[in-house]
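Student: Need coordinates for the following:
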Amino acid sequence: MTRTNRRGRPLRAALIAVITLAAAGVAAVVGATNASAATIDTSAWYQLVSRHSGKAIDVCSQSTADLACIQQWARANQTNQQFQFVSSGSGYYRLKARHSGKVIDVLNWSTADGASLVQWPDTNGANQQWQVLDTDSGYVKLINRNSGKALDVWEWSTADGGRLSQYTDTNGWNQHWQLVNVGGGTTTPQTGLAGWGTQGGGTTGGGSAATTTVSSASALTSALNASGASVIRVSGTISCSGMLAVSSNKTILGNSGATISGCGFNISEDSNVIVRNLNFTGWNDDAINVQYSTRVWIDHNSFSNGYDGAVDIKRASDYVTVSWNRVFSHDKSMLLGHDDGNGSEDRGHLRVTYHHNWFDGTNQRHPRVRFGNPVHVYNNYYGNVGSYGVASTMEGCVIVEGNYFENTDDPYHRGEGDSPAGSLVARNNHFVNSGSGDAGGSCGSIPYSYTVDTASGVKASVTGGAGAGRISV
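Tutor: You can find the predicted model right below:
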């Protein structure tokens, strides 16, 4: 049966010329002619944008899990929309997602029209290999080696979340892709999960579950407590008190200007929770407390003028990433491990990554660490910090690398108060009118891949990108 587009135009017959690929790979870019193609840089990353919809190939919900779906979504500067061409030889490539390291895969080696696309570990299977073919218009088609079918926007969808599949090559615009080079990856993008939160199965929150928008304390409390996976959008300013319990498998997103005033979130005995793009102010306990919980991502939030910790993580919590947040007009920023006597619970846990956060005139705990090993603190900006930056205590071990310390007399040290010294490894940090810090000992290895930005450029990137209101979610 011949498919038609949404305006009823018949699809054009498949007329295609295979372009001989150079050793590094060849593909068309916008403006190329029918007889030429541009060389793919196999060290670079690309967005693949549909000619039909203008949307980008996207791994659903920034998931790092096996079998996560492949969809189209509005273009954004995020790593789940960025792919590297990995050569399989003979002109075929795997498409590796930047955020997960996994590749686009035709599910179950199907050869059927409409077969689903997912991400899967790179096995170099024929169902993961795609040939890049030029069209007459400067776009490319991607033909699967196993099935001979084209990567296709299903049913000519123009919607966010429109699914991608394979389909017989019709040369339709929904099978044409623009390759947009987004660079070689020397700077960490401002979106996308990295660090310890990618481990233990990864952190996906509510994933693609139904979205609920809340604008009152009662509605927020109910949504946070609801069972099952969900995406919660916060609109406006919500005034509240105490700590609001959060249940597992939740993504909590702030709409533009969304603010939580007077209360905080308690993530206790949970797993798989994401909190992004919210302003927290005036909390009377902690802004975010994480305990007995795993797989948590706290990203692009702003914290100011609260009572106790902005983000406190304790009691055997594990696999947490705290990224691109701004803390200002506040004393105690981020505690990791609450008590010297809690080693029986905390040893082997409290593995947390802190990256690209802006500690803006705050006083202490950036973070203060007990027992966690290794804790990873990289590419943060410490500006005008009062008491100290990072403290490693009580068997903890912290890797402090690629950070920018400015007007900070005590950037990092071992031991704090009555807590004995832990270990601290410092490397490639940048200091402006700051002390030199106290380091010593060795840490466990980091199991995940990551990119450290040059420390001297961290101030510019972090002040330009950290905090709420800096991303579209």
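
Student: Looking at stretch 314-323 now, give me its mean pLDDT.
Tutor: Taken as a whole, stretch 314-323 carries a mean pLDDT of 98.

Student: ends of that stretch, how far apart?
Tutor: End-to-end distance of stretch 314-323: 18 Å, with C-alpha to C-alpha, to the nearest Å as the criterion.

Student: Residue 220 belongs to a helix?
Tutor: Yes - residue state for residue 220 (DSSP: H, G, I helix; E, B strand; the rest coil) corresponds to a helix.

Student: residues near it, how many?
Tutor: Around residue 220 there are 21 other residues, counting by other C-beta atoms under 10 Å. C-beta coordinates here come from the backbone N, C-alpha and C atoms, glycine included.

Student: swap in residue 274?
Tutor: 26.

Student: okay but it is in contact with residue 254, surely?
Tutor: No - counting by C-beta atoms under 8 Å, residue 274 does not reach residue 254; the two are 11.7 Å apart.

Student: Without its sequence neighbours, what residue ends up closest to residue 472?
Tutor: Of all residues not flanking residue 472 in the chain, residue 76 sits nearest, at 5.9 Å (C-beta to C-beta, 6 or more residues apart in numbering).

Student: which residues in the stretch 151-300 of the chain form helices?
Tutor: 217-225 (DSSP state H, counting those that start in this stretch).

Student: mind listing the strands for it?
Tutor: In the stretch 151-300 of the chain, the segments counted as strands under DSSP state E, counting those that start in this stretch are 164-167, 177-183, 211-214, 230-234, 237-246, 250-254, 259-268, 271-276, 279-281, 288-291, 294-299.

Student: picking up where we left off before, so the residue nearest to residue 472: helix, strand or coil?
Tutor: Criterion first, three-state DSSP; result for residue 76: coil.

Student: show me the contacts for residue 370.
Tutor: 336-340, 342, 346, 350, 393-396, 419, 422 (C-beta atoms under 8 Å, 6 or more residues apart in numbering).

Student: beta partners for it?
Tutor: Per DSSP bridges, the residues bridged to residue 370 are residue 393.

Student: what about it, distance to residue 69?
Tutor: From residue 370 across to residue 69, the span is 40 Å (C-beta to C-beta, to the nearest Å).

Student: likewise residue 215?
Tutor: From residue 215 over to residue 69 (counting by C-beta to C-beta), the distance is 30 Å.

Student: so residue 115 touches residue 147, yeah?
Tutor: Yes - using C-beta under 8 Å, residue 115 is in contact with residue 147, at 7.4 Å.

Student: domains for the chain, by residue range?
Tutor: 26-183, 195-465 (automatic domain parsing).

Student: looking at the ones you listed, which is closest to residue 472?
Tutor: Residue 472 lies closest to domain 26-183 among these, at 5.9 Å (C-beta to C-beta).

Student: how far out from the middle of the chain is the closest one?
Tutor: Remark: domain 26-183 is offset 20 Å from the chain centroid, using C-alpha atoms, centre = their mean, to the nearest Å.

Student: Could you pull out the strands in the stretch 1-150 of the chain for me?
Tutor: 26-27, 38-39, 45-50, 56-59, 70-73, 83-89, 92-97, 103-106, 117-120, 130-134, 140-144, 150-153.

Student: Quick check: buried residues in the longest one?
Tutor: By that I understand strand 83-89. Neighbour counts over strand 83-89 (16 or more other C-beta atoms under 10 Å) mark 83-88 as buried.

Student: State the distance spanning the first to the last residue of stretch 362-370.
Tutor: Stretch 362-370: ends 20 Å apart by C-alpha to C-alpha.

Student: For that stretch, give the mean pLDDT please.
Tutor: 98.

Student: Buried by neighbour count: which residues of that stretch qualify?
Tutor: For stretch 362-370, by 16+ other C-beta under 10 Å, it's 362, 364-370.

Student: And stretch 125-134, by the same measure?
Tutor: 125, 127-134.

Student: Tell me where the model's unsure across this protein.
Tutor: Along the chain, segments meeting pLDDT under 70 span 1-41, 77, 135-138, 183-190.

Student: I'd like the domains of the chain as a markdown table, with distance to residue 471 appended.
Tutor: As requested, the domains of the chain are exported to a markdown table (distance: least, C-beta to C-beta, whole Å):
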| stretch | distance to residue 471 |
| --- | --- |
| domain 26-183 | 8 |
| domain 195-465 | 5 |
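
Student: that older thread, need the contact list for the residue nearest to residue 472.
Tutor: Counting by C-beta under 8 Å, 6+ apart, residue 76 has contacts 56, 191, 471-472.

Student: Pull out the buried residues from the contacts of residue 370.
Tutor: Buried among these by 16+ other C-beta under 10 Å: 336-338, 342, 346, 350, 393-396, 419, 422.

Student: Would you check that residue 443 makes contact with residue 423?
Tutor: Yes - using C-beta under 8 Å, residue 443 makes contact with residue 423 at a distance of 6.0 Å.

Student: what touches both of those two?
Tutor: Between them, residue 443 and residue 423 share the contacting residues 373, 397-398, judged by C-beta under 8 Å, 6+ apart.

Student: quick one: which of those sit in strands?
Tutor: Among these, the members found in strands (DSSP state E) are 397-398.

Student: neighbour-wise, which of the shared contacts of residue 443 and residue 423 leads?
Tutor: Going by other C-beta under 10 Å, residue 398 tops those with 31 neighbours.

Student: Could you check how many residues crowd around the residue lying closest to residue 412 once chain neighbours are set aside?
Tutor: Nearest residue to residue 412, sequence neighbours excluded (C-beta to C-beta, 6+ apart): residue 390, at 4.0 Å. Neighbourhood size, residue 390 [other C-beta under 10 Å]: 31.

Student: Start the count at 225 instead of 1 going forward.
Tutor: Right, with 225 as the first residue, what we last looked at is residue 614.

Student: pretty sure residue 614 contacts residue 590?
Tutor: Yes - counting by C-beta under 8 Å, residue 614 touches residue 590, with 5.8 Å between them.

Student: which residues of the stretch 575-697 of the chain fall in helices?
Tutor: So, for the stretch 575-697 of the chain - with DSSP H, counting those that start in this stretch - the helices run 682-689.

Student: how about the closest residue to residue 542 other than its chain neighbours, secondary structure?
Tutor: Leaving aside its sequence neighbours, residue 542 sits nearest to residue 573 (C-beta to C-beta, 6+ apart; 4.4 Å). At residue 573 the chain is in coil, as set by three-state DSSP.

Student: who's in contact with residue 573?
Tutor: So residue 573 contacts 540-542, 595-596 (C-beta under 8 Å, 6+ apart).

Student: List only those of these flagged as buried.
Tutor: 540-542, 595-596.

Student: any idea which of the residues you listed is the one closest to residue 446?
Tutor: The closest of those, once distances to residue 446 are taken by C-beta to C-beta, is residue 541, at 24.8 Å.
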